[in-house]
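A.B. asks: got a sequence here, can you model it:
(chains A and B)
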Protein chains: 2
Amino acid sequence: MFGVTILGNNSAIPSNDRHPTSQVVTIDEQLLLLDCGEGTQMQFNRYKVKRSKITYIFISHLHGDHYFGLIGLITSMGLLNRLDDLHIYGPADLKNIINIQLDAAGIVLPFKLFIHALGETTIIVDEKKFTVSCFPADHRIECWGFVIREKKNPRKINIDVIAQSEIPKSYYDELKKGCDYITKDGRTILNEEVTIANSPAKSYAFCADTRYDERIIEYIKNVTMLYHETTYLKDQLERAHERYHSTTEQAATMALKAGAGTLIIGHFSSKYDNITSFLNEAKVIFPNTMLAHEGATFKL
Amino acid sequence: MFGVTILGNNSAIPSNDRHPTSQVVTIDEQLLLLDCGEGTQMQFNRYKVKRSKITYIFISHLHGDHYFGLIGLITSMGLLNRLDDLHIYGPADLKNIINIQLDAAGIVLPFKLFIHALGETTIIVDEKKFTVSCFPADHRIECWGFVIREKKNPRKINIDVIAQSEIPKSYYDELKKGCDYITKDGRTILNEEVTIANSPAKSYAFCADTRYDERIIEYIKNVTMLYHETTYLKDQLERAHERYHSTTEQAATMALKAGAGTLIIGHFSSKYDNITSFLNEAKVIFPNTMLAHEGATFKL
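C.D. replies: Okay, the predicted model is just below:
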């Protein structure tokens, strides 16, 4: 499963029963957390997210609605005797902020905590079945977006057919890459005879707080699913710009220009009690848009 | 009204739909916050607490379940354009922890924030109608309890009677203290003729995380209402001691020996789903015990 579950979709101040930003991505039996606003660990309880399965946490920026829940999550992991390493990526100041709070409480964590400072646009995680890269967003303070991409071989083994061949299992990885096989007696078994085309690798891009910025397009081009913030409705274009945020029309335009498959919108301003208009406005420009409802899981 | 509303009653890890410690005391039209665990500002929304009316915040110690919600509350107050001063009292490290997070977010608050370091057992707030004092608790790290005491004159004006006397209003404050009045022609009007006895001044003591410690008694002697932590049931005496916490029996014994009017118990360990046994056990020793149910308001 490659999917994303929304734990919070509100901006700035928690209100209207909406929580600050946090999303959990499931990929290759790992959980990746994107931002961690206050109360995220309580949202884990509510939506049955297994905190022990979180291996990576990515913090877009150091406005509180995107990370004030992180220290509580880390200390709870410690109290629950987590032993696995935990890797966190965020702006450079994050490490000090976390460490002085652990020190003040006299906490020695039972697991290794690595807090990595983001600094350049690059691949920051390179796992067997996926990568995570970061790119700069245009916000009032240093802010990063993230792209999670599946790694997939172009071909997969045709199990029904290959059993009747003499190809050893040790060669299967080569087959998945598209290679032919030469038998001991010099005969060529064409790749297409024993493999079938794999489904294309999918990708999820997370554009946290940002102004509309076309420089972002190159980093998120053709992603399967794009999350883009929409703090305001389209009539608040000026306010959005002043406050380094985006409108519905801007998020939808970004999805359109980037060639995204699906658009998820969230980070709604507390001033909106009802969020239906966000969907209506975005769909005019990008029909395949969905609201980041809390608790919703979107499969890629 | 002098009362306390429970916003959170769980220890350490939020669970069983219980939140970490926070209580709000209403006195003299002000709100005083005692501890501020993660999610406290969301609890404000749920229980209709007006954050703008909070004038003082007291943080017992720097374990996260007692203060991780503070930075979110402060920044939300800023976003809501609070202008009134805010005074926070807690261990010395708190100031740095708050300030580096405000700095990282580039926040300049629109109100004056004073973060005072606790250091000695003394009166820390001296308002017209109440005082707040602090005392040391016995916990793994530096930890403070707090006592809020009404200020009350011993007598109050008997409105029906005094109208017929010649005593000027400027002398009423002296009457409330118990003084007699000498008329212009030298006649004495006895205090008892124009005043009646006031109700006694009430007091609320907050014993956050602590081992059973009889040295605390002198600070909380004869309080109207005592909150004392009960992380464990009585069969966990050893564990309570090891972890610097108290059992039901210990909290009830403290209420008894201190001569408290009422006992409120909370800070229940996450291992207890049902908390009924806490009440039953404490009542054996101190019958006037109540559970710190979230959302409950206890009037003094």
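A.B. asks: tell me how far the helix or strand of chain A with the lowest mean pLDDT is from the chain's mean position?
C.D. replies: The weakest-scoring helix or strand in chain A, judged by mean pLDDT, DSSP states H and E, is helix A:159-162 (a mean of 89). Offset of helix A:159-162 from its chain centre (CA atoms, centre = their mean, to the nearest Å): 35 Å.
A.B. asks: same check, this time on stretch A:250-258
C.D. replies: Taking the mean of its C-alpha atoms, stretch A:250-258 sits 18 Å from the chain's own mean (CA atoms, centre = their mean).
A.B. asks: which residues sit against it?
C.D. replies: A:205, A:207, A:212, A:214, A:216-217, A:220-223, A:226, A:228-230, A:237, A:240, A:246, A:260, A:263, A:265, A:281-286, A:289 (CB atoms under 8 Å, 6 or more residues apart in numbering or on different chains). C-beta coordinates here come from the backbone N, C-alpha and C atoms, glycine included.
A.B. asks: now, those residues that are in strands?
C.D. replies: Judged by DSSP state E, strands contain the following of these: A:205, A:207, A:226, A:228, A:229, A:263, A:265, A:289.
A.B. asks: I'd guessed the fifth one sits against residue A:269; true?
C.D. replies: This points to residue A:229. No: at 10.3 Å, residue A:229 and residue A:269 do not qualify as touching, with contact defined as CB atoms under 8 Å.
A.B. asks: residue A:257: what secondary structure?
C.D. replies: At residue A:257 the chain is in helix, as set by DSSP: H, G, I helix; E, B strand; the rest coil.
A.B. asks: what's the local residue count around it?
C.D. replies: 14 (other CB atoms under 10 Å in any protein chain shown).
A.B. asks: hmm, which of the contacts of stretch A:250-258 are the buried ones?
C.D. replies: A:205, A:207, A:212, A:216, A:220, A:223, A:226, A:228-230, A:240, A:246, A:260, A:263, A:265, A:281-283, A:285-286, A:289 (16 or more other CB atoms under 10 Å in any protein chain shown).
A.B. asks: what about the closest residue to chain B within the stretch 201-300 of chain A, neighbour count?
C.D. replies: The stretch 201-300 of chain A approaches chain B most closely through residue A:270 (8.7 Å), counting by CB to the nearest CB. Residue A:270 has 17 neighbours, counted by other CB under 10 Å.
A.B. asks: same question for residue A:99.
C.D. replies: Neighbours of residue A:99 under the rule other CB under 10 Å: 12.
A.B. asks: distance of it from residue B:292?
C.D. replies: Relative to residue B:292, residue A:99 is positioned 33 Å away (CB to CB, to the nearest Å).
A.B. asks: swap in residue A:122?
C.D. replies: Going from residue A:122 to residue B:292 by CB to CB gives 50 Å.
A.B. asks: so which of those two has more stuff around it?
C.D. replies: Just comparing residue A:122 and residue B:292: by other CB under 10 Å the higher neighbour count belongs to residue B:292, 26 against 9.
A.B. asks: wait, that one touches residue B:6, no?
C.D. replies: Yes: shown here, residue B:292 and residue B:6 form a contact pair, counting by CB under 8 Å, at 4.6 Å.
A.B. asks: shared neighbours of these two, which are they?
C.D. replies: Common neighbours of residue B:292 and residue B:6, using CB under 8 Å, 6+ apart, are B:23, B:264, B:266.
A.B. asks: list the contacts for the last one?
C.D. replies: Think residue B:266. Applying CB under 8 Å, 6+ apart to residue B:266 gives the contacts B:6, B:9, B:21, B:227, B:229, B:230, B:291, B:292.
A.B. asks: and the helices in chain A?
C.D. replies: For chain A, helices defined by DSSP state H occupy the ranges A:40-46, A:70-79, A:94-104, A:159-162, A:172-177, A:191-194, A:217-220, A:237-242, A:248-258, A:276-285.
A.B. asks: just to revisit the earlier point, give me the contact list for the least confident helix or strand of chain A.
C.D. replies: Residues from elsewhere that reach helix A:159-162 (CB under 8 Å, 6+ apart): A:193, A:194.
A.B. asks: may I see the buried residues of it?
C.D. replies: Here helix A:159-162 shows residue A:162 as buried, counting by 16+ other CB under 10 Å.
A.B. asks: cool, stretch A:94-108 as well?
C.D. replies: A:94, A:95, A:97, A:98, A:100, A:101, A:102, A:104, A:105, A:107.
A.B. asks: any residues of the stretch 101-250 of chain A in contact with chain B? List them.
C.D. replies: A:101, A:103, A:104, A:105, A:106, A:140, A:141 (CB under 8 Å from any CB of the partner chain).
A.B. asks: wait, the first one touches residue B:97, no?
C.D. replies: Just to be clear, that refers to residue A:101. Yes: applying CB under 8 Å, one finds residue A:101 in contact with residue B:97, separated by 5.9 Å.
A.B. asks: joint contacts of these two?
C.D. replies: Residues touching both residue A:101 and residue B:97 (CB under 8 Å, 6+ apart): residue B:62.
A.B. asks: correct me, but residue A:114 touches residue A:86?
C.D. replies: Yes: the pair residue A:114 / residue A:86 is scored as a contact, 7.1 Å apart, by CB under 8 Å.
A.B. asks: same drill for those two, tell me which one is more crowded.
C.D. replies: Each of residue A:114 and residue A:86 has its neighbours counted (other CB under 10 Å); residue A:86 has more, 20 against 11.
A.B. asks: for the more buried one, list the residues it contacts.
C.D. replies: Taking CB under 8 Å, 6+ apart, we find residue A:86 in contact with A:54, A:55, A:56, A:57, A:74, A:77, A:111, A:112, A:113, A:114.
A.B. asks: now list the buried members of these.
C.D. replies: The neighbour count (16+ other CB under 10 Å) marks A:54, A:55, A:56, A:57, A:74, A:77, A:113 as buried among the contacts of residue A:86.
A.B. asks: bridged to the first one, which residues?
C.D. replies: On the basis of DSSP bridges, residue A:54 takes part in beta bridges with residue A:31.
A.B. asks: just the pLDDT at it, thanks.
C.D. replies: Residue A:54 carries a pLDDT value of 97.
A.B. asks: picking up where we left off before, closest one to residue B:132 out of the ones in strands among the contacts of stretch A:250-258, please.
C.D. replies: Using CB to CB, residue A:229 is the member of those that lies nearest residue B:132, at 42.1 Å.
A.B. asks: which one is that closest one nearest to, not counting chain neighbours?
C.D. replies: residue A:267 (3.9 Å; CB to CB, 6 or more residues apart in numbering or on different chains).
A.B. asks: number of nearby residues for that neighbour?
C.D. replies: By the measure other CB under 10 Å, the count of residues near residue A:267 is 29.
A.B. asks: repeat that for residue A:142.
C.D. replies: When neighbours are counted by other CB under 10 Å, residue A:142 registers 18.
A.B. asks: ok, now how distant is it from residue A:92?
C.D. replies: Note on residue A:142: its distance to residue A:92, by CB to CB, is 8 Å.
A.B. asks: please apply the same query to residue A:72.
C.D. replies: For residue A:72, the distance to residue A:92 (CB to CB) stands at 21 Å.
A.B. asks: these two: which is more packed in?
C.D. replies: residue A:72 (26 against 14).
A.B. asks: so what's the more buried one up against?
C.D. replies: Contacts of residue A:72 by CB under 8 Å, 6+ apart are A:38, A:40, A:41, B:38, B:64, B:68.
A.B. asks: which two of those have the greatest separation?
C.D. replies: A:40 and B:64 (13.5 Å).
A.B. asks: who's more crowded, the two?
C.D. replies: Legend: neighbour count by other CB under 10 Å for residue A:40 and residue B:64, higher for residue A:40 (29 against 24).
A.B. asks: distance check, the residue nearest to the more buried one when sequence neighbours are not counted against residue A:26.
C.D. replies: Using CB to CB, 6+ apart and skipping residues adjacent in sequence, the residue nearest residue A:40 is residue A:69, 3.7 Å away. Residue A:69 sits 19 Å away from residue A:26, taking CB to CB as the criterion.
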